[in-house]
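> Need the 3D shape of this:
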Amino acid sequence: MRRAPSQVFAAVFVGAVAAARAQDAATSAPSPASRPAAAAWVADLELLRTELPRRHVDAFARTAEADWRRAAEETSRRVLAECDADPEAAFVRLQAFTATLGDPHTTLAPKAGGLVPPATRLPAAAIWFREGLHFWALPLDRAGFLARPVTAIGGVPFDEAAARLATVFASDNASWRRKGVEDRVLDVATLRACGLCGADGATTFGVADADGDVETLRLAPPRNAAEAKAIRFARKPDFARFPPTNLVGRPPFGGRRLADSATAFVWYDACREDRPGALAAAIERLLGEFAAAQASGAAIDRLVVDLRRNLGGDSRLFRPFVDAYSDPKARPPGGLFVLVGRNTYSSGVINAWELKTRCGATLVGEPTGGALNGCGEIRSFDLPNVGATVFFSTKRFRFVEGEGRTLPPDVEVAVDAASFFAGRDPAFERAVR
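Sure, this is the predicted structure:
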């Protein structure tokens, strides 16, 4: 893959840490040797700096080794300034440092019982639509801010705030960046590290009304578990109004013939199974049900497979389904359609690609968050002092010529706010049109 220019990295990384410059006390801090916690952080950062490139399949494919060393120095300075008073934000620095390799599969996660307290999140849920970020769940007393575009975070214009948040994780494409920002915009430690909230985690959001006038929404993290449990949420739309093709809480795999329709709908939300052979057996049962329906005269003219929530796992588990429809005579006369989007990632992308190339499927939806060409086959090692696990790639994959940073749909249908808040599923509607 093409190597990212070092000056691009430097501008983004240094810009992100500059956002929190006012919190910096590194120049007056005691030496790490006199601060046991600081010494632990420095030791683990050095382990991360040296061991990750040694184990990774191609650590410097997207960033220069010299940039990696410079990022380590800057990260060390920031961590020393923060690790005693704000270990959560210091850990975000380590995550951002890991992300500079540019491999979304290479990540850093805290372990229970380590130096990093459990994550604290704002009480909300948001999606980055075509029109921008909108909240779809908020505490009841903030319900008036639902379904309205966010214009600023912590007093920073949204585009700039999103760029800061995107330095904390690696991404191959715009779809994965949107997903990452959706998640990180509610993480208090990330907001602090990016200079988007105060020390207490309270954050302001500029939210525009229908006339374009901006009001200020203030959200604060719950102070304890009891306060978190007591929060009652308003949702738009409520779960009960979600379309049947986008239900919350469905099992990882399933399917059915839609009522009053000749369309069969199958969803596959994770490339994993509870026990060996379980998914193959479930696929066989489902295919049998479809065959029985056809034999009884309940025609299935079109098959829609939903991979929009599939973040990956073992791509081989879905091969029995792919094999079943690789024979042109087995395909429904109206066609095979596969729904993809920003949460289609890793092995989920491979399965979408197999359905397209082996089964003639038409892909509908957003460009995938995962790449066709990239790294995977994850292994891990620990940072023993801080208490964290480093996940890293051990194998390269290449399915197409060129960069292959995403799998684009054949028919692009953006995730738009109006459809979501009306309880519609435009990608599915387009597939069956």
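
> So, low pLDDT: which residues of this structure?
1-34 (pLDDT under 70).

> in it, which spans are helices?
All helices of the chain, identified by DSSP state H, fall at 6-18, 36-55, 65-82, 87-99, 158-165, 174-184, 188-193, 225-230, 278-295, 319-326, 347-359, 417-421, 426-431.

> Can you tell me which of those helices is most buried?
helix 188-193 (a mean of 26; mean count of other CB atoms under 10 Å). Quick note: C-beta positions are derived from backbone N, CA and C, even for glycine.

> ok, residues contacting that helix?
Contacting residues not belonging to helix 188-193 are listed as 20, 82, 86, 88-89, 91-93, 96, 119-122, 153-154, 165, 168, 184-185, 197-199, 201, 203, 221 [CB atoms under 8 Å, 6 or more residues apart in numbering].

> on that earlier part again, the helices of the chain: which one's closest to Phe399?
Counting by CB to CB, Phe399 lies closest to helix 347-359 out of these; the figure is 5.9 Å.

> What is the closest one packed up against?
helix 319-326, strand 336-340, strand 362-365 (3 or more CB pairs under 8 Å, 6 or more residues apart in numbering; DSSP states H and E).

> now those in a markdown table, with distance to Val304?
What follows is the helices and strands packed on helix 347-359, written out as a markdown table (distance: least, CB to CB, whole Å):
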| stretch | distance to Val304 |
| --- | --- |
| helix 319-326 | 12 |
| strand 336-340 | 5 |
| strand 362-365 | 8 |
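
> Of the ones you listed, which is nearest Phe428?
Per CB to CB, nearest to Phe428 of the helices and strands packed on helix 347-359: strand 336-340, 6.4 Å.

> Tell me the strands beside the closest one, with direction?
Each strand paired with strand 336-340, and its direction, by DSSP bridges: strand 302-306 (parallel), strand 362-365 (parallel).

> could I get those strands as TSV with distance to Ala126?
Listed next are the strands paired with strand 336-340 as TSV, based on distance: least, CB to CB, whole Å:
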stretch	distance to Ala126
strand 302-306	22
strand 362-365	20
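
> how about those in CSV, adding mean neighbour count?
Compiled in CSV, these are given as follows (neighbours: other CB atoms under 10 Å):
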stretch, mean neighbour count
strand 302-306, 25
strand 362-365, 24
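
> Please name the residues that touch Asp416.
The neighbours of Asp416, taking CB under 8 Å, 6+ apart as the test, are 129-131, 426.

> From Asn385, how far out is it?
46 Å (CB to CB, to the nearest Å).

> same check, this time on Asp209
49 Å.

> Have a look at these two and say which one is more surrounded.
Between Asp209 and Asn385, counted using other CB atoms under 10 Å, Asn385 has the larger neighbour count: 18 against 12.

> If you drop the residues flanking it in sequence, what lies closest to the more buried one?
Ala40 (3.6 Å; CB to CB, 6 or more residues apart in numbering).

> How about Cys83?
Nearest one to Cys83, counting by CB to CB, 6+ apart, is Ala90 at 4.1 Å.

> for Val413, same thing?
Ala427 (4.4 Å).

> Quick one: residues contacting the one you found.
Ala427 neighbours (CB under 8 Å, 6+ apart): 308, 339, 341, 364-366, 413.

> Name the member of the residues you listed with the most neighbours.
Gly365 (30 neighbours).

> I'd say that one and Phe337 touch.
No. Counting by CB atoms under 8 Å, Gly365 does not reach Phe337; the two are 9.7 Å apart.

> from what I can see Gly254 touches Phe265, true?
No. Applying CB under 8 Å, one finds Gly254 not in contact with Phe265, separated by 9.0 Å.

> So the two - more neighbours on which side?
Neighbours were counted for Gly254 and for Phe265 using other CB under 10 Å; Phe265 has more, 22 against 15.

> Name whatever forms a beta bridge with the more buried one.
Arg256, Val304.

> so what's Gly113 closest to, chain neighbours aside?
Per CB to CB, 6+ apart, closest to Gly113 is Gly387, 6.2 Å.

> Near that neighbour, how many other residues are there?
17.

> List the contacts of it.
Per CB under 8 Å, 6+ apart, neighbours of Gly387: 110-116.

> and what of Leu286?
Contacts of Leu286 (CB under 8 Å, 6+ apart): 254-255, 266.

> burial count for Phe381?
The burial count for Phe381: 15, using other CB under 10 Å.

> surely it meets Ala388?
No. Counting by CB under 8 Å, Ala388 is not a contact partner of Phe381; they are 10.0 Å apart.

> For Leu45, list the residues it contacts.
Contacts of Leu45 (CB under 8 Å, 6+ apart): 72, 75-76, 79, 94, 97.

> Off-centre distance for stretch 366-384?
12 Å (CA atoms, centre = their mean, to the nearest Å).

> ditto for stretch 65-83
On CA atoms, centre = their mean, the centre of stretch 65-83 falls 25 Å from the chain's centre.

> Just the CA coordinates for stretch 256-272, please, in CSV.
Only the C-alpha atoms of stretch 256-272 are listed here, as CSV (Å, rounded to 0.1, in the frame of the first residue of the first chain):
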residue,chain,number,x,y,z
ARG,A,256,-37.0,-15.5,7.1
ARG,A,257,-39.4,-15.0,4.2
LEU,A,258,-40.9,-11.6,4.7
ALA,A,259,-44.7,-11.5,5.2
ASP,A,260,-46.8,-10.8,2.1
SER,A,261,-43.6,-10.7,0.0
ALA,A,262,-41.5,-12.9,-2.2
THR,A,263,-38.4,-11.6,-0.6
ALA,A,264,-36.2,-13.7,1.8
PHE,A,265,-34.2,-11.7,4.3
VAL,A,266,-31.1,-13.1,5.9
TRP,A,267,-28.9,-11.3,8.5
TYR,A,268,-25.3,-12.2,9.5
ASP,A,269,-24.0,-9.9,12.2
ALA,A,270,-20.8,-11.6,13.4
CYS,A,271,-18.4,-14.1,11.9
ARG,A,272,-18.4,-16.3,15.0
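
> Skipping adjacent residues, who's closest to Phe91 in space?
Nearest non-adjacent residue to Phe91, counting by CB to CB, 6+ apart: Val116, 4.5 Å away.

> Between the helices and strands packed on helix 347-359, which one is closest to Arg302.
strand 336-340 (7.0 Å).

> and the angle for that closest one with helix 319-326?
140 degrees (axes from the mean of the first three to the mean of the last three CA atoms, to 10 degrees).
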